[in-house]
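Engineer: Pasting the sequence and the predicted coordinates here, then a few questions.
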Amino acid sequence: MTMQALAQVLASGLLTGLIYALVAVGLSLIFGLMDVVNFAHGEFLMLAMYATFGLVLVSGLDPVLLMPAVAALLFILGGTAYLGVVRFAMRAKANQGMVQIFATFGLAILLQGAAQYLFTPDYRSLKTSWLGGHTLDLAGVYLPWPQVFGALVSLAAFGGLYLLMTRTDFGRALEATREDQGAVALVGIDRNRVFALGWGLGAALVGLAGAVLAVFYYIHPGVGGAFALIAYVTVALGGFGSVFGALVAGVVVGLVEAVTAVILPPALKSVGVYALYLLVVLIRPQGLFGRL
């Protein structure tokens, strides 16, 4: 392999990894806040892609301009999912963990079934976009503009999330709730409100990822499954609840996947990712940046 070919593989893996990180960070945020794994995370991504597709058809605007609207819609969906489903699952008197798992898993099945009924199982795609069909040439390394833009959105989202967590009262309330859910009530913080906003924020982040993916990826009711699996691996690899870990692990997953696709047949590109995950689990069960 030439150096230019290697640079092409690594650059593509880096862009993909940053998009994976954006897909996964909302999942990590919710788990860190509540110790709840959202098994409907992939379906949230799927709905964000359909929302982008629908808004493009209705408004005629470019999907790049509609990303804030999609994020806002997913924020509402996330908060509603907590208030309408998860909040009641957390009140279970016994086997609370299993109740939460089945509640979000049931929500995933409901959302996917509703999407199949309303939108049919047909594959759809956005025909036009400012970014579609354009490639960035960096010294012989060719990068599709949709993936470049997605990586930039991911970096901007992580930067905004960092500022939110460190420079705002809501961010401090979120961190305090992550540290001790019981103690925050003593200082006047409404735990349920923080949880609802946290679910909204996590869903808004995956909404951004869905809007990015809708530009260059096929849209169908089952699209969330593959990305959800990658998100679970990314979160577990980086450390459950670690936002920075999701960023690093997403990049690692993207790079390993790209290199594996060169060494093995492309259909087996995920083998390297899962092998690395198993290795990290054996050596450091809490993930790269997690805490047990």
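Structural biologist: Ah, there it is.
Engineer: Can you identify the element that follows the lengthiest helix in the chain toward the C-terminus?
Structural biologist: Longest helix in the chain, counting residues (DSSP state H): helix 3-34. Remark: after helix 3-34, the chain's next helix or strand is helix 41-59, criterion DSSP states H and E.
Engineer: Quick one: mean pLDDT for that following helix?
Structural biologist: Helix 41-59 shows a mean pLDDT of 96 in the predicted model.
Engineer: Pull out the buried positions in it.
Structural biologist: Buried residues in helix 41-59, counted by 16 or more other Cβ atoms under 10 Å: 41-53, 55-56. Where C-beta positions appear, they are placed from N, C-alpha and C, glycine not excepted.
Engineer: Counting by contacts, list what the longest helix of the chain packs against.
Structural biologist: Packing contacts for helix 3-34, counted by 3 or more Cβ pairs under 8 Å, 6 or more residues apart in numbering; DSSP states H and E, involve helix 41-59, strand 141-144, helix 145-167, helix 169-179, helix 191-216, helix 223-238, helix 243-263.
Engineer: weakest of the ones you listed by average pLDDT?
Structural biologist: helix 169-179 - the lowest mean pLDDT of the helices and strands packed on helix 3-34, at a mean of 84.
Engineer: what's the spacing between the residue nearest in space to the middle of the chain and residue 232?
Structural biologist: Among the residues of the chain, the one closest to the centroid is residue 23, at 1.9 Å (Cα atoms, centre = their mean). From residue 23 across to residue 232, the span is 10 Å (Cβ to Cβ, to the nearest Å).
Engineer: ditto for residue 82
Structural biologist: Going from residue 82 to residue 232 by Cβ to Cβ gives 20 Å.
Engineer: circling back: tell me which of the buried residues of helix 41-59 is nearest to residue 218?
Structural biologist: The closest of the buried residues of helix 41-59 to residue 218 turns out to be residue 49 (Cβ to Cβ; 9.0 Å).
Engineer: give the contact list for the closest one.
Structural biologist: Residues near residue 49 by Cβ atoms under 8 Å, 6 or more residues apart in numbering: 210, 211, 213, 214, 217, 219, 223.
Engineer: go on, residue 14?
Structural biologist: 151, 251, 254, 255 are the contacts of residue 14 under Cβ under 8 Å, 6+ apart.
Engineer: rerun that using 10 Å as the cut-off
Structural biologist: Residue 14 makes contacts with 143, 147, 151, 251, 254, 255, 258, as judged by Cβ atoms under 10 Å, 6 or more residues apart in numbering.
Engineer: cool, and residue 7?
Structural biologist: Residue 7 makes contact with 138, 139, 140, 141, according to Cβ under 10 Å, 6+ apart.
Engineer: which among these end up buried?
Structural biologist: Using 16+ other Cβ under 10 Å as the burial test, these include residue 141 as buried.
Engineer: which of the contacts of residue 7 sit farthest apart?
Structural biologist: Greatest spatial distance in the contacts of residue 7: 138 and 140, 7.6 Å, computed using Cβ to Cβ.
Engineer: Could you name every residue contacting both of those two?
Structural biologist: 7, 8.
Engineer: re the thing from before, which member of the buried residues of helix 41-59 is positioned nearest residue 108?
Structural biologist: Of the buried residues of helix 41-59, the one sitting nearest to residue 108 (Cβ to Cβ) turns out to be residue 43, at 4.8 Å.
Engineer: residue contacts, that closest one?
Structural biologist: 77, 81, 104, 107-115, 206, 221-225, 228.
Engineer: go with 6 Å
Structural biologist: In this structure, residue 43 makes contact with 108, 111, 112, 224, judged by Cβ atoms under 6 Å, 6 or more residues apart in numbering.
Engineer: same deal with residue 161?
Structural biologist: So residue 161 contacts nothing (Cβ under 6 Å, 6+ apart).
Engineer: could you redo the last one with a cut-off of 8 Å?
Structural biologist: For residue 161, the contacting residues are 25, 29, 205, 243, by Cβ under 8 Å, 6+ apart.
Engineer: and if you look at residue 38?
Structural biologist: Here residue 38 is in contact with 27, 30, 31, 44, 104, 199, 202 (Cβ under 8 Å, 6+ apart).
Engineer: Next: residue 251.
Structural biologist: Residue 251 makes contact with 14, 17, 18, 20, 21, according to Cβ under 8 Å, 6+ apart.
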